[in-house]
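Engineer: Using only what follows, build the 3D model:
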Amino acid sequence: MRTIAIINQKGGCGKTTVSINLAAVLASQGHRTLLVDMDPQGHCALGLAVPEAQINQSMAQMLMAGLDGSLSMSDVVWQISRNFDLAPATTALAGVEVQLSNASDRDRRLVQVLSTIQANYDFCIIDCPPSIGLLTFNALRACDEVIVPVETGYFALQGSFKQEATVEMMVRRTGHQVRHKVLATMYDVRTKLAREILSELKKHFDDSLLPIVINFNAKLKEAASFGQPITEYDPTSRGMQDFEQLAAWLVANPPIPVVSEEESQEEQEPAANPALSRAAELVERARALSARTASLANKVASDPAVARTGLMQEAQRQQDGKSPDPVIVSENVKRMERLFGVRKTQQGILFVQPQQTAEQISVAGDFNNWSPTATPLERDRDLGVWQTCVPIPPGRYRYRVVIDGQWKHDQYNSSIETNPFGELNSILEVG
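Structural biologist: Numbers count the residues shown, from 1 in each chain. Next up is the predicted model:
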């Protein structure tokens, strides 16, 4: 899923107009598109005729829930048309910054919830508020690229220079590299001032200025007032043509994934193929991690911490069809209980869960940005367990076990604490 954030701390530059109509045009071209409203004003819902009174769950509740399992994106999303969904915002979103102020993952909540629907969409467009705060930082961490709409007026021109510096500062603070593009909006070719400002934008931003402009078009404003995207209100208008050109350029020019030196050292993965999209890059990383986990399985099985448990002997006994002695079974149960959970081994931190009828088990925690897919457990049928071994730096970490999408605390780890949502997190301390 390719994620584009529409950011400008100045209001009235056309952020919501760009967000709605770009998403609508992409959807009309067959791309599965999600529009995420991160502006407490909730103008995306207003511009798409979604009544706020009927919005029971919005991005405010979704960000507060995070990955605790109490809410999913499917509970929030509204279908606007074929291939076009909206995750709306309400005024409740304004209180999220305060409510999440003490959360360690407060600026990663959006990327976490979007990670659960990566396979459902081709594009995600994020409409950001006209301010620089936690909501905008969440959008920046979640996106692959930033588009800054700039009205072709004098004050907007001056503000665009400051906005460029602001985006660069945000990128440095998050450590997440994104492509930054400027989009000239509300352009009126008939006026000398607009032509001069567009020329200044080209001089200053050079390649960062998109080769597409959104012309001033009354149909775009009329469409918003009727609660329709331009694709429905007037598909023959100049506004529609502008957004078709913008969508075509974006599709033809995906951003090249950039991995910082710090990220590269942490992940210790092969360099990403520049031609891969963000979604393909994530898939490749998951495959590499799975391959590494498989190669560790044999080493983990021979580790003294595993060998002492007697699991291999019990598995062999079951395969031979021998009736186990009740005393032996009792002792093995105790050994298995000591094995399951988490512990340090020679290869790294070993996570082990008992054999279940699950299709997939993984762990998510502070050490992997609470990603439910980054650290899968490998099923070992000989041992009768699910396990993975992960190198984790020293520190104190919180984590949960994800079994077929259901988030639970590790019942084989007695070290737990209550999280802000009343659920239990398991605690891991790496010395």
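Engineer: Quickly find the element holding the residue most central in space within the chain.
Structural biologist: With distances taken as CA atoms, centre = their mean, Val111 lies nearest the centre of the chain, 2.5 Å away. Using DSSP states H and E, Val111 maps to helix 109-115.
Engineer: Just list what that helix packs against, helices and strands only.
Structural biologist: helix 59-65, helix 134-142 (3 or more CB pairs under 8 Å, 6 or more residues apart in numbering; DSSP states H and E). The way it works is simple: take the backbone N, C-alpha and C, and place the C-beta from them, glycine included.
Engineer: So which of these is nearest Asp107?
Structural biologist: Comparison of the helices and strands packed on helix 109-115 against Asp107 by CB to CB identifies helix 134-142 as nearest, at 4.6 Å.
Engineer: Would you list the strands that the next helix or strand after that closest one pairs with, along with their directions?
Structural biologist: Counting by DSSP H and E, the next helix or strand C-terminal to helix 134-142 is strand 145-151. Neighbouring strands of strand 145-151 in its sheet, by DSSP bridges, are strand 2-6 (parallel), strand 179-187 (parallel).
Engineer: before we move on, back to that, as TSV, the helices and strands packed on helix 109-115 with distance to Gly431 and mean neighbour count would be great.
Structural biologist: Formatted as TSV, the helices and strands packed on helix 109-115 follow (distance: least, CB to CB, whole Å; neighbours: other CB atoms under 10 Å):
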stretch	distance to Gly431	mean neighbour count
helix 59-65	33	23
helix 134-142	30	24
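Engineer: Going by mean pLDDT, which of those comes out lowest?
Structural biologist: Mean pLDDT values for the helices and strands packed on helix 109-115 show the minimum at helix 134-142, a mean of 89.
Engineer: what's that one in contact with?
Structural biologist: Residues from elsewhere that reach helix 134-142, judged by CB atoms under 8 Å, 6 or more residues apart in numbering: 3, 5, 7, 9, 38-40, 63, 93, 96-97, 100, 106-111, 114, 124, 126, 128-129, 146, 167, 170-171, 173-174, 176, 178.
Engineer: residue contacts, the residue lying closest to Glu145 once chain neighbours are set aside?
Structural biologist: Counting by CB to CB, 6 or more residues apart in numbering, Glu145 lies nearest to Arg179, which is 4.0 Å off, once chain neighbours are set aside. The contact partners of Arg179, by CB under 8 Å, 6+ apart, come to 144-146, 255-256.
Engineer: quick revisit: apart from its chain neighbours, what residue comes closest to the residue nearest to the centre of the chain?
Structural biologist: Counting by CB to CB, 6+ apart, the residue nearest Val111 is Ala142, at 4.0 Å.
Engineer: how near is that neighbour to Ile7?
Structural biologist: Ala142 sits at a distance of 12 Å from Ile7 (criterion: CB to CB, to the nearest Å).
Engineer: With Pro88 instead?
Structural biologist: Pro88 is 19 Å from Ile7, where distance means CB to CB.
Engineer: Then Leu428?
Structural biologist: To Ile7, Leu428 is 36 Å away according to CB to CB.
Engineer: still on that earlier bit, outside of the helix holding Val111 itself, list whatever touches it.
Structural biologist: Contacts of helix 109-115 (CB under 8 Å, 6+ apart): 1, 3, 36, 38, 62-63, 66-67, 73, 100, 103, 105, 124, 126, 138-139, 141-142, 369-373.
Engineer: hmm, 7 Å instead?
Structural biologist: Under the criterion CB atoms under 7 Å, 6 or more residues apart in numbering, residues 3, 62-63, 66-67, 73, 100, 105, 124, 138-139, 141-142, 370-373 lie in contact with helix 109-115.
Engineer: Leu428 and Ile7: who's more crowded?
Structural biologist: Ile7 (27 against 24; other CB atoms under 10 Å).
Engineer: okay, now the spatially closest residue to the more buried one that is not a sequence neighbour: neighbour count?
Structural biologist: Leaving aside its chain neighbours, Ile7 sits nearest to Cys128 (4.7 Å; criterion: CB to CB, 6+ apart). A count of nearby residues for Cys128, using other CB under 10 Å, gives 27.
Engineer: What of Pro254?
Structural biologist: Pro254 has 16 nearby residues by other CB under 10 Å.
Engineer: three-state assignment of it?
Structural biologist: The three-state assignment at Pro254 reads coil, by DSSP: H, G, I helix; E, B strand; the rest coil.
Engineer: what separates it from Ile4, distance-wise?
Structural biologist: Look at Pro254 and Ile4: by CB to CB, they are 11 Å apart.
Engineer: go on, Ala65?
Structural biologist: Separation of Ala65 from Ile4 (CB to CB) stands at 24 Å.
Engineer: which residues sit against stretch 180-192?
Structural biologist: Counting by CB under 7 Å, 6+ apart, residues outside stretch 180-192 touching it are 13-14, 18, 145-152, 160, 167, 194-195, 198, 201, 205, 208-210, 213-216.
Engineer: Show me which of those residues are buried.
Structural biologist: Buried members of the contacts of stretch 180-192, counted by 16 or more other CB atoms under 10 Å: 13-14, 18, 145-152, 160, 167, 194, 198, 201, 205, 209-210, 213-216.
Engineer: which one is Pro255 nearest to, not counting chain neighbours?
Structural biologist: Arg179 (4.0 Å).
Engineer: now Ile427
Structural biologist: In space, Ile427 is closest to Ser415, 4.1 Å off (CB to CB, 6+ apart).
Engineer: What pLDDT is listed against that neighbour?
Structural biologist: Looking at Ser415, the pLDDT reads 88.
Engineer: Do I have it right that it meets Leu424?
Structural biologist: No. Between Ser415 and Leu424 there is no contact under CB atoms under 7 Å: 10.5 Å.
Engineer: any common contacting residues for the two?
Structural biologist: Here Ser415 and Leu424 have no joint contacts, going by CB under 7 Å, 6+ apart.
Engineer: among the strands paired with strand 145-151, which is nearest Gly239?
Structural biologist: Nearest to Gly239, of all the strands paired with strand 145-151, is strand 179-187, at 10.8 Å by CB to CB.
Engineer: give me every residue that touches Leu377.
Structural biologist: 351, 353, 361-362, 386-388.
Engineer: And the residues you listed, which two are furthest apart?
Structural biologist: Ser362 and Gln387 (11.6 Å).
Engineer: Residues in contact with stretch 76-94: which ones?
Structural biologist: Residues from elsewhere that reach stretch 76-94 (CB under 7 Å, 6+ apart): 23-24, 27, 30-40, 42, 44-45, 48, 50, 52, 55, 57-60, 62, 73, 135.
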